[in-house]
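Student: Need a 3D model of the following:
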Amino acid sequence: MHADHYSTWVPADFHAFSEGRPQSFVFQQLSLEVLPARERYAFFGSEVLRGVSLARPREGQDRDFGAELVSMSNAGCALHAARTGVFECARGLREIRREDGQEHSLLYVRSGCVHADIAGDGARVAGAGEFLFLSGDRPTRLRFDGTDLVQMDLVGLPHAPAPGALAGALNRSPLRRLLRAQLELFPDAALEMDEAERVVQLASTEQVVLGVLQAVSGNLLHRQPERADSALFHAAFRYIGQHLHQPSLDPQQVAAALGCSRATLYRAFAAHGRQVAAVIRALRLQRAHELLRRHQATSIGDIAAGCGFFDLRSFHRAFRACFGCTPGSVREQCPSVPVTRAERHGAVSGAPPSFPSRHRAGVGSVAQRP
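Tutor: Prediction:
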């Protein structure tokens with residue numbers, strides 16, 4: 001069937017992934033509940049799935065199949081969240097030739113399980129909380145048993161590692177917690193973002209996924225070695241942004257949360273010309289600056305405490321050193337403006353923010369983006 005057949009029920013701008021990767025950024029969500037029950041299974045196979053063929057429905061499956069989908073993608077990668085009923089699919093030589101074997105997928109299973117039979121790699125099962133890697137150049141049979149999962153599709157990994165070895169290494173690695181945390185942000189955070197913020201989320205998720213895959217597989221992916229440090233740096237930056245309110249936040253806490261040593265964390269920051277403590281301090285100050293502008297009714301002391309400063313005098317000194325003015329003068333110059341979605345949820349993008357050019361020793365600069 002063609003997309004025109006479904007136009008009565010599906011939005012006109014729905015991008016059918018079976019038609020190929022979009023050339024520009026696309027975000028969409030869809031529940032198969034909008035289609036008549038008899039159409040859902042066929043629609044899922046012809047318009048949603050990519051690079052695989054959906055198995056013929058079992059008795060009754062074409063009447064009771066359901067799925068909820070949230071996706072965002074561009075020409076180079078795609079991120080999908082899906083809750084589906086039971087189904088089976090396969091990638092054969094025809095699908096591999098169509099995609100040139102260049103598209104690979106990382107699956108994170110939130111609930112349910114995925115059974116995979118991969119040519120040359122044997123049978124694998126990924127349960128709740130586990131990862132499964134699918135190589136685009138290997139025939140594969142898959143069965144999804146009522147799964148809730150997040151899937152990252154990647155293009156252009158010319159030397160894909162053995163899927164089982166990579167998935168096994170990833171499921172044993174301390175970095176699995178970092179990757180889970182990143183993927184768990186999708187789709188809930190994206191549903192509250194505007195398009196520009198979603199573009200950032202997709203790019204930062206791709207960077208973390210590639211970095212973690214590189215870190216756990218050594219040279220198997222033949223990516224640049226700095227990918228691992230970059231992924232750790234961005235994950236640490238995001239963790240810091242989410243915990244600025246804690247006065248105890250320090251490099252040891254960040255390293256423990258990300259499952260690495262302080263020395264490894266320091267190396268990742270040094271690769272970007274930064275120091276962990278300086279970044280924590282600078283992000284606290286930027287958060288305070290924004291809150292002063294946007295919360296006129298909140299006292300300066302409460303804002304300082306909410307950004308992790310337990311001493312008001314030291315907060316005033318650090319603020320003046322960084323911005324060249326006092327907290328009070330910022331409030332006088334800027335009328336109260338609405339709080340953005342990112343600020344309301346404490347979200348931080350994948351790269352450090354820009355700061356004014358005035359910086360003095362002891363404050364730390366994060367003016368340059370990595």
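Student: Mind jotting down where the strands sit in the stretch 1-150 of the chain?
Tutor: Ranges of strands in the stretch 1-150 of the chain, per DSSP state E, counting those that start in this stretch, are 26-31, 53-54, 67-73, 77-84, 87-91, 103-118, 122-126, 131-134, 140-155.
Student: got the domain boundaries for the chain?
Tutor: As given by automatic domain parsing, the domain ranges for the chain are 3-223, 237-344.
Student: mind putting the strands of the stretch 1-150 of the chain in JSON lines, mean neighbour count, mean pLDDT and distance to residue 242 included?
Tutor: C-betas here are computed from N, CA, C, even on glycine. Below are the strands of the stretch 1-150 of the chain laid out as JSON lines (neighbours: other C-beta atoms under 10 Å; pLDDT from 0 to 100; distance: least, C-beta to C-beta, whole Å):
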{"stretch": "strand 26-31", "mean neighbour count": "16", "mean pLDDT": "92", "distance to residue 242": "23"}
{"stretch": "strand 53-54", "mean neighbour count": "15", "mean pLDDT": "93", "distance to residue 242": "39"}
{"stretch": "strand 67-73", "mean neighbour count": "20", "mean pLDDT": "93", "distance to residue 242": "21"}
{"stretch": "strand 77-84", "mean neighbour count": "21", "mean pLDDT": "93", "distance to residue 242": "20"}
{"stretch": "strand 87-91", "mean neighbour count": "20", "mean pLDDT": "94", "distance to residue 242": "36"}
{"stretch": "strand 103-118", "mean neighbour count": "20", "mean pLDDT": "94", "distance to residue 242": "20"}
{"stretch": "strand 122-126", "mean neighbour count": "15", "mean pLDDT": "92", "distance to residue 242": "27"}
{"stretch": "strand 131-134", "mean neighbour count": "25", "mean pLDDT": "95", "distance to residue 242": "23"}
{"stretch": "strand 140-155", "mean neighbour count": "19", "mean pLDDT": "93", "distance to residue 242": "19"}
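Student: got those as a markdown table, with distance to residue 164 columns?
Tutor: A markdown table is the format used below for these (distance: least, C-beta to C-beta, whole Å):
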| stretch | distance to residue 164 |
| --- | --- |
| strand 26-31 | 32 |
| strand 53-54 | 22 |
| strand 67-73 | 26 |
| strand 77-84 | 22 |
| strand 87-91 | 16 |
| strand 103-118 | 7 |
| strand 122-126 | 6 |
| strand 131-134 | 8 |
| strand 140-155 | 11 |
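Student: re earlier: would a markdown table of the domains of the chain with distance to residue 230 be doable?
Tutor: Output for those, formatted as a markdown table (distance: least, C-beta to C-beta, whole Å):
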| stretch | distance to residue 230 |
| --- | --- |
| domain 3-223 | 5 |
| domain 237-344 | 8 |
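Student: The ones you listed: which one's closest to residue 231?
Tutor: Residue 231 sits nearest to domain 3-223 of all the domains of the chain, at 2.2 Å, using C-beta to C-beta.
Student: Please state the offset of stretch 246-255 from the chain centre?
Tutor: Distance, stretch centre to chain centre, for stretch 246-255: 23 Å (C-alpha atoms, centre = their mean, to the nearest Å).
Student: same thing with stretch 80-98?
Tutor: 22 Å.
Student: quick one: terminal-to-terminal distance for it?
Tutor: 21 Å (C-alpha to C-alpha, to the nearest Å).
Student: again with stretch 30-42
Tutor: 15 Å.
Student: now that stretch: how far from the chain's centre is it?
Tutor: In terms of C-alpha atoms, centre = their mean, the centre of stretch 30-42 is found 28 Å from the chain centre.
Student: List the buried residues of that stretch.
Tutor: By neighbour count with 16 or more other C-beta atoms under 10 Å, stretch 30-42 contains the buried residues 30, 32, 35, 39-42.
Student: Out of the residues you listed, which is nearest to residue 281?
Tutor: residue 30 (44.2 Å).
Student: That closest one pairs with what?
Tutor: Per DSSP bridges, the residues bridged to residue 30 are residue 69.
Student: cool, residue 104 as well?
Tutor: Using DSSP bridges, the beta-bridge partners of residue 104 come out as residue 154.
Student: Confirm for me that it is in contact with residue 132.
Tutor: No: counting by C-beta atoms under 8 Å, residue 104 does not reach residue 132; the two are 11.3 Å apart.
Student: who's in contact with residue 141?
Tutor: Taking C-beta atoms under 8 Å, 6 or more residues apart in numbering, we find residue 141 in contact with 88-90, 116-117.
Student: Turn those residues into TSV, including distance to residue 165.
Tutor: Formatted as TSV, the contacts of residue 141 follow (distance: C-beta to C-beta, whole Å):
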residue	distance to residue 165
88	25
89	23
90	22
116	14
117	16
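Student: Just give me the closest of those to residue 235.
Tutor: The nearest one, if we look at the contacts of residue 141 relative to residue 235 and count by C-beta to C-beta, is residue 116, at 27.1 Å.
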